[in-house]
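Novice: Sequence plus predicted model, see below.
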Amino acid sequence: MLIGLVAYDLDDLYYLLPSDNRDLLVQVSLLVIRVVTWFVTCIHTCRLFPFAFTLCTVFTRAVQFCLDKVKEEKPLEKSFKMYRELTLAMKVGDPGSQCVVTILILAGFLFGVSFNFISIKMYNILPGLIYPYFPSVACFIPLVIKILLPEAVQVNVKAKELITTHWKLEVLKRGGKFRRYALRKVRSFPEVSLDCGIGGHKFFRLQQSFLIHFYEAIVSNTINALISFS
């Protein structure tokens, strides 16, 4: 991609730097500046995406690990206390996590549609050194979505299973006043979840069926874009 941009003068520095000077030394210097600038940009971009991907994966795995520890904790009173602390921590981080989920979903959708469209529509238009970049990214985006979204959905699934199934079965094994007290306490617990939202406003909760609808939206909008520009 870097070689193609510089070779075909498609980088922005070609138009910003003075290129009307015929001196060979000046031309070589400008070429070195363009290559080095874009190389540094590409390196930092390649570092940013793996870092964001790793950070999101570690966060979802950490929340799942906490839910598993809460589920295994005995007695129930201590388990309730741990879950309350986890709920409080998630509540504090809700605005940030909701914003990150929204940005990732929106970026995956926009980049998925755009790169699919370019890969199909501009097959005979883009130079050969630049074109392979778009199909490779178009194939990489669904892979990232396939890994990240199920991890986020699993957090919601485990939290719901903990409250509606595991705890209720454990409480029903008890008797007397503790059962009534524990059932009321279980019903009062909010579910730990990763939601899509922004600015404290929740749009929707990630569910297992969301992945199918997300892929369907990418495919249908890619087809619409191809038909619109045919």
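Specialist: It's in.
Novice: Which helix or strand contains the closest residue to residue 221 other than its chain neighbours?
Specialist: Leaving aside its sequence neighbours, residue 221 sits nearest to residue 113 (C-beta to C-beta, 6 or more residues apart in numbering; 4.8 Å). In short, each C-beta sits where N, CA and C put it, glycine included. When elements are assigned from DSSP states H and E, residue 113 belongs to helix 76-121.
Novice: which other helices and strands contact that helix?
Specialist: On a contact count with 3 or more C-beta pairs under 8 Å, 6 or more residues apart in numbering; DSSP states H and E, helix 76-121 meets helix 24-72, helix 133-161, strand 195-198, helix 210-228.
Novice: per-residue confidence at the residue nearest to residue 221?
Specialist: With respect to pLDDT, residue 113 has a value of 90.
Novice: Tell me, how many residues neighbour it?
Specialist: Neighbours of residue 113 under the rule other C-beta atoms under 10 Å: 21.
Novice: I figured it was touching residue 218, is that so?
Specialist: Yes: between residue 113 and residue 218 a contact is recorded at 5.8 Å, counting by C-beta atoms under 8 Å.
Novice: Give the residue spans of the protein that score low on pLDDT.
Specialist: Residues of the chain that meet the criterion pLDDT under 70 lie in 1-31, 33-34, 38, 175-176, 230.
Novice: Let's have the helices and strands packed on helix 76-121 in a markdown table, adding distance to residue 204 and mean neighbour count.
Specialist: Below are those laid out as a markdown table (distance: least, C-beta to C-beta, whole Å; neighbours: other C-beta atoms under 10 Å):
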| stretch | distance to residue 204 | mean neighbour count |
| --- | --- | --- |
| helix 24-72 | 17 | 13 |
| helix 133-161 | 11 | 17 |
| strand 195-198 | 5 | 17 |
| helix 210-228 | 8 | 14 |
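Novice: Need these in JSON lines (columns: distance to residue 183).
Specialist: Formatted as JSON lines, the helices and strands packed on helix 76-121 follow (distance: least, C-beta to C-beta, whole Å):
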{"stretch": "helix 24-72", "distance to residue 183": "18"}
{"stretch": "helix 133-161", "distance to residue 183": "17"}
{"stretch": "strand 195-198", "distance to residue 183": "26"}
{"stretch": "helix 210-228", "distance to residue 183": "31"}
